[in-house]
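S.K.: Need coordinates for the below:
(4 chains)
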There are 2 protein chains.
Amino acid sequence: MTIRSGDALPSGPFELGHRSLQAGLREWVRDQTGHPVGYLEQLYTFADRGRTGENIDGRTISISYLGLVREQPAPGAGRPEWHGWYEYFPWEDHRKGRPDILADIANRLQDWADTEPARHEYRQRRIDFAFGLHGAAWNEDLALQRYELMYEAGLVTEAGYPSERGFGRSMFADHRRILATGIARLRAKIKYRPVVFELMPEKFTLLQLQRTVEALAGLTLHKPNFRRLIDQQELIEETGETTAETGGRPAKLFRYRHAILEERALSGSKFPLSRN
Amino acid sequence: MTIRSGDALPSGPFELGHRSLQAGLREWVRDQTGHPVGYLEQLYTFADRGRTGENIDGRTISISYLGLVREQPAPGAGRPEWHGWYEYFPWEDHRKGRPDILADIANRLQDWADTEPARHEYRQRRIDFAFGLHGAAWNEDLALQRYELMYEAGLVTEAGYPSERGFGRSMFADHRRILATGIARLRAKIKYRPVVFELMPEKFTLLQLQRTVEALAGLTLHKPNFRRLIDQQELIEETGETTAETGGRPAKLFRYRHAILEERALSGSKFPLSRN
DNA sequence: AGCCATAATACTCACTTTGAGTATAAAAGG
DNA sequence: CCTTTTATACTCAAAGTGAGTATTATGGCT
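M.R.: Below you'll find the model as predicted:
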């Protein structure tokens, strides 16, 4: 959810009037977009000198957050601007197979690695690992590493250069890097916390849920196994209703079981415990 | 690793002279403790009003970091002060079974939940979940949630009250909360990233490695299965040497395989992928 | 010299969890 | 009534885990 026609993320100054950072943030977002934020989580704080190119004296401290907002018929007076994030990161969408653009990117990165013999091996390993080349598998969680590599290699531009100059659409200042941070965090998080439901309507079908997860992960999932996974977790329950709007056999509608307590640990210890 | 005899964490002001936050931080820590920090990761940024009780106008922004330091014979002029973190959080150490202190804590929390009928059920669920009561299992990752609950219920004190007033040793300002945040983060992290090795000497035995993980997690692990796990990951290799210093049959010494690239993903996708 | 406590290391085995499919059911549209 | 489309239900082998038992080296005691 953007402002300025997709050129920037909602943002604002920290003011003393607010109880807390989070409270202030919720207020700006509502003002700037007309939508209330649900889930909110701190991402990263930047305070490095000359970070944006605007504020060279280095006094700016930016505290970024990941927020999840349900895409609903605008409740307030706002006019939110929704943009799919693959507009900014076309190489991250693997739902229709490996995007062609990755071949170009890999070539340009290869050139960059080759230009400096001293760091060649190190760069090569980072590239192969992040982009799933030379035997490594694609890992959707590495969105930030990929962006940072491309940034180092000069393949992406920030701060409103014409988009022809690099891959994907750019954003104001370092907003695109912040977005990459958020994507990486969210992709990692949906694997062990039920945050997807923050993005779902009250009632939904299993395929809608799967499509949402796929959109976030940029991958296609195996339907039967996805379903098995979901009902092992016991996070959802049938409403009893069905919908025929999906075409084909009518699908059961489900709802999220809030009773389960937001903070529930799904992972389990993952350590080889001893009993004692 | 503390300063002020265990009353505070290393900390300092952000100065413009530093290239970055991290660079500044490394400098303070070295100055204050005489030890260089290895791994460093941002934890959380606090900017809430009246957070410490010192700086009531709310202008203070604190950016906290998790750092890992090898416990070595002090290389510089410093005199680092090592304190086991269970001094501050005695209820977090389950290596010798469930600590007795948890019974007291549970009682006090129960009283707190009972005092307010309106929020009773919500509090009850949080308590049971965080402390592994009424059927829930103990989850070592919830160290921060536990501290926050105890803080809300008034069972822990900050900012130098005599330690008799609460459970565990307290620290300056909100340093103990920051420590709880770090513990929680580290406990979660060692499960999917090989950060433990930042704390190990160059050469170590498998049991030493296990004891380190156990100290961090506050749990005892199943020896044969821990070993199996470790060599599945292929993170370490034999040095060829053995040591008899451990008592009993001499143990092989191992070293961490740095070649494996720090950022390596161990988890694997964890999604039910479809091939295409 | 021989035994025993202590670790280290090596196997075993049932049980669960996954990856990858196939099979059947219920609609809409021609 | 047949075909297309989506939903839902099973199956089965392979891999991974939890929980143990068995064997091998040491140093220290008697």
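S.K.: how about the helices in the stretch 1-150 of chain A?
M.R.: Listed in chain order, the helices of the stretch 1-150 of chain A (DSSP state H, counting those that start in this stretch) span A:21-33, A:101-115, A:120-131, A:143-152.
S.K.: Buried deepest among those, which one?
M.R.: helix A:143-152 (a mean of 21; mean count of other C-beta atoms under 10 Å in any protein chain shown). To be clear about C-beta, it is placed using only N, CA and C from the backbone, and glycine gets the same treatment.
S.K.: what about the residue lying closest to A:Lys270 once chain neighbours are set aside, how many neighbours?
M.R.: What sits nearest to A:Lys270 in space, not counting adjacent residues and going by C-beta to C-beta, 6 or more residues apart in numbering or on different chains, is B:Lys191, at 4.9 Å. Here the number of neighbours of B:Lys191 (other C-beta atoms under 10 Å in any protein chain shown) works out to 17.
S.K.: Point me to the residue of the stretch 101-250 of chain A nearest DNA strand D.
M.R.: Using C-beta to the nearest atom of the strand, the closest approach of the stretch 101-250 of chain A to DNA strand D is made by A:Gly248 at 2.3 Å.
S.K.: Spit out the contact partners of the nearest residue to A:Ser274 once chain neighbours are set aside.
M.R.: Sequence neighbours aside, B:His222 is the residue nearest to A:Ser274 in space, at 4.1 Å (criterion: C-beta to C-beta, 6+ apart). Neighbouring residues of B:His222 by C-beta atoms under 8 Å, 6 or more residues apart in numbering or on different chains: A:Pro272, A:Leu273, A:Ser274.
S.K.: Of the helices of the stretch 1-150 of chain A, which is nearest B:Gln110?
M.R.: Closest approach to B:Gln110 among the helices of the stretch 1-150 of chain A (C-beta to C-beta): helix A:21-33, 29.7 Å.
S.K.: Show me what that closest one packs onto, helices and strands only.
M.R.: Helix A:21-33 makes packing contacts with strand A:40-46, strand A:62-67 when contacts are defined by 3 or more C-beta pairs under 8 Å, 6 or more residues apart in numbering or on different chains; DSSP states H and E.
S.K.: what's the closest of the ones you listed to chain B?
M.R.: The closest of the helices and strands packed on helix A:21-33 to chain B is strand A:40-46. By C-beta to the nearest C-beta, the value is 4.4 Å.
S.K.: List the neighbouring strands of the closest one plus their orientation.
M.R.: Counting by DSSP bridges, the strands paired with strand A:40-46 are strand A:62-67 (antiparallel).
S.K.: what does chain A have sitting close to DNA strand C?
M.R.: A:His222, A:Pro224, A:Asn225, A:Arg228, A:Leu229, A:Gln232, A:Thr242, A:Ala244, A:Gly247, A:Gly248, A:Arg249, A:Pro250 (C-beta under 7 Å from any atom of the strand).
S.K.: CSV for those residues, including pLDDT and secondary structure?
M.R.: As requested, these are exported to CSV (pLDDT from 0 to 100; DSSP: H, G, I helix; E, B strand; the rest coil):
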residue, pLDDT, secondary structure
A:His222, 96, coil
A:Pro224, 95, helix
A:Asn225, 96, helix
A:Arg228, 95, helix
A:Leu229, 94, helix
A:Gln232, 89, helix
A:Thr242, 91, strand
A:Ala244, 87, coil
A:Gly247, 80, coil
A:Gly248, 84, coil
A:Arg249, 89, coil
A:Pro250, 93, coil
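S.K.: Can I get those residues in TSV including distance to A:Ile183?
M.R.: Below are these laid out as TSV (distance: C-beta to C-beta, whole Å):
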residue	distance to A:Ile183
A:His222	22
A:Pro224	27
A:Asn225	24
A:Arg228	27
A:Leu229	22
A:Gln232	26
A:Thr242	34
A:Ala244	34
A:Gly247	30
A:Gly248	32
A:Arg249	34
A:Pro250	34
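S.K.: What does the pLDDT read for the residue nearest the centre of chain A?
M.R.: The centroid of chain A falls nearest to A:Ile183 when counting by C-alpha atoms, centre = their mean (2.0 Å). pLDDT recorded at A:Ile183 is 98.
S.K.: The worst-scoring helix or strand of chain A on mean pLDDT to strand A:40-46, inter-axis angle?
M.R.: Across the helices and strands of chain A, mean pLDDT, DSSP states H and E gives its lowest value to helix A:21-33, namely a mean of 88. Here helix A:21-33 runs at an angle of 100 degrees relative to strand A:40-46 (axes from the mean of the first three to the mean of the last three C-alpha atoms, to 10 degrees).
S.K.: By neighbours, which of the residues of chain A next to DNA strand C wins?
M.R.: The residue in these with the most neighbours, by other C-beta under 10 Å, is A:His222 (16 neighbours).
S.K.: Pick out whichever of the contacts of B:His222 sits closest to B:Glu116.
M.R.: Taking C-beta to C-beta as the measure, A:Leu273 is the one of those closest to B:Glu116, at 35.6 Å.
S.K.: got a list of what that closest one touches?
M.R.: A:Leu273 sits next to B:Leu219, B:Thr220, B:Leu221, B:His222 when contact means C-beta under 8 Å, 6+ apart.
S.K.: what are the phi and psi angles of it?
M.R.: Note on A:Leu273: backbone dihedrals following degrees, to the nearest 10 are phi -70, psi 150.
S.K.: Buried residues, stretch A:85-96. List them.
M.R.: Of the residues in stretch A:85-96, A:Trp85, A:Tyr86, A:Tyr88, A:Phe89, A:Pro90, A:Trp91, A:Glu92, A:Asp93, A:His94 count as buried by neighbour count, 16 or more other C-beta atoms under 10 Å in any protein chain shown.
S.K.: Kindly reformat those residues as JSON lines containing pLDDT.
M.R.: Compiled in JSON lines, the buried residues of stretch A:85-96 are given as follows (pLDDT from 0 to 100):
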{"residue": "A:Trp85", "pLDDT": "97"}
{"residue": "A:Tyr86", "pLDDT": "97"}
{"residue": "A:Tyr88", "pLDDT": "97"}
{"residue": "A:Phe89", "pLDDT": "98"}
{"residue": "A:Pro90", "pLDDT": "97"}
{"residue": "A:Trp91", "pLDDT": "98"}
{"residue": "A:Glu92", "pLDDT": "98"}
{"residue": "A:Asp93", "pLDDT": "97"}
{"residue": "A:His94", "pLDDT": "95"}
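S.K.: low pLDDT regions in chain A?
M.R.: Residue ranges of chain A with pLDDT under 70: A:16-18, A:48-59, A:73-80, A:159-165, A:259-269, A:276.
S.K.: Could you break it into its assigned domains?
M.R.: Listed by automatic domain parsing, the domain ranges of chain A are A:4-67, A:87-187, A:201-260.
S.K.: Run the contact check for the second one versus chain B.
M.R.: So the one you mean is domain A:87-187. Yes - counting by C-beta under 8 Å from any C-beta of the partner chain, chain B is contacted by domain A:87-187 at A:Gly97, A:Arg125, A:Arg126, A:Phe129, A:Asn139, A:Glu140, A:Asp141, A:Leu142, A:Gln145.
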